[in-house]
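Q: The following block contains a protein sequence and its predicted model.
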Amino acid sequence: MSNKPSDTYETISVMSEPAFAGEREEVGEARISYVIARLERAVRAAINERVSPYGLTTLQYTTLSVLGRRGGLSNAQLARRSYMTPQSMSEVIEALEKKGLIKRDQHPNHRRVFPATLTATGLKVLEACDEAVGTMEEDMLRELDQDERDALYHGLVASVRALHAGLPEA
């Protein structure tokens with residue numbers, strides 16, 4: 001049995017809008033990296049749509065989410081976990097602090113480190129946003145049974161790890 005992508009994956013035709021009249025549409029099998037990139041953009045837009053009623057951006061929600069799983073992280077730690085520059089993370093933290101969703105206290109052993117934690121309000125907003133994002137994920141995955149969902153999850157985690165992009169072994 002051949003190990004070509006067409007033997008492993010369903011063929012997906014890629015149709016793009018012509019840049020100008022008379023240009024031919026692209027047709028053919030999409031690379032998995034292309035499909036993942038399209039999914040990432042769609043997921044980001046869908047998350048933004050669902051968290052914006054709570055006054056958040058996708059990056060702010062991501063930061064709250066990271067703090068919800070593990071509070072007490074510094075600006076640099078949050079930036080690494082959220083794939084942002086420290087400068088961008090500083091802006092996100094400042095906005096979340098002004099909204100009363102996080103608080104920062106000086107680290108007992110480091111004068112210039114101010115780890116962030118969720119406030120009670122931040123936790124409530126995170127729970128509401130998690131519910132909204134959970135609904136979006138259910139919509140996204142509705143055509144997959146549980147075995148397919150598990151396989152997708154484990155395949156994506158393995159791919160992230162193979163590229164040394166996070167998600168260390170538990």
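A: Now that the structure is in, tell me what you want to look at.
Q: pLDDT below threshold where in this structure?
A: 1-26, 106-113, 168, 170 (pLDDT under 70).
Q: Count the neighbours of residue 69 for me.
A: 9 (other CB atoms under 10 Å). The C-beta positions use only the backbone N, C-alpha and C, and glycine is treated the same way.
Q: For it, give its distance to residue 166.
A: Spatial separation of residue 69 from residue 166 under the definition CB to CB, to the nearest Å is 13 Å.
Q: Then residue 158?
A: In this view, residue 158 and residue 166 are 12 Å apart by CB to CB.
Q: right, and residue 78 touches residue 116 too?
A: Yes - Residue 78 is within contact range of residue 116, at 6.7 Å (criterion: CB atoms under 8 Å).
Q: shared neighbours of those two, which are they?
A: When contacts are counted by CB atoms under 8 Å, 6 or more residues apart in numbering, the set common to residue 78 and residue 116 consists of 67, 93.
Q: Between these two, which is the more surrounded one?
A: It is residue 116, of residue 78 and residue 116, that has more neighbours when counted by other CB under 10 Å, with 27 against 23.
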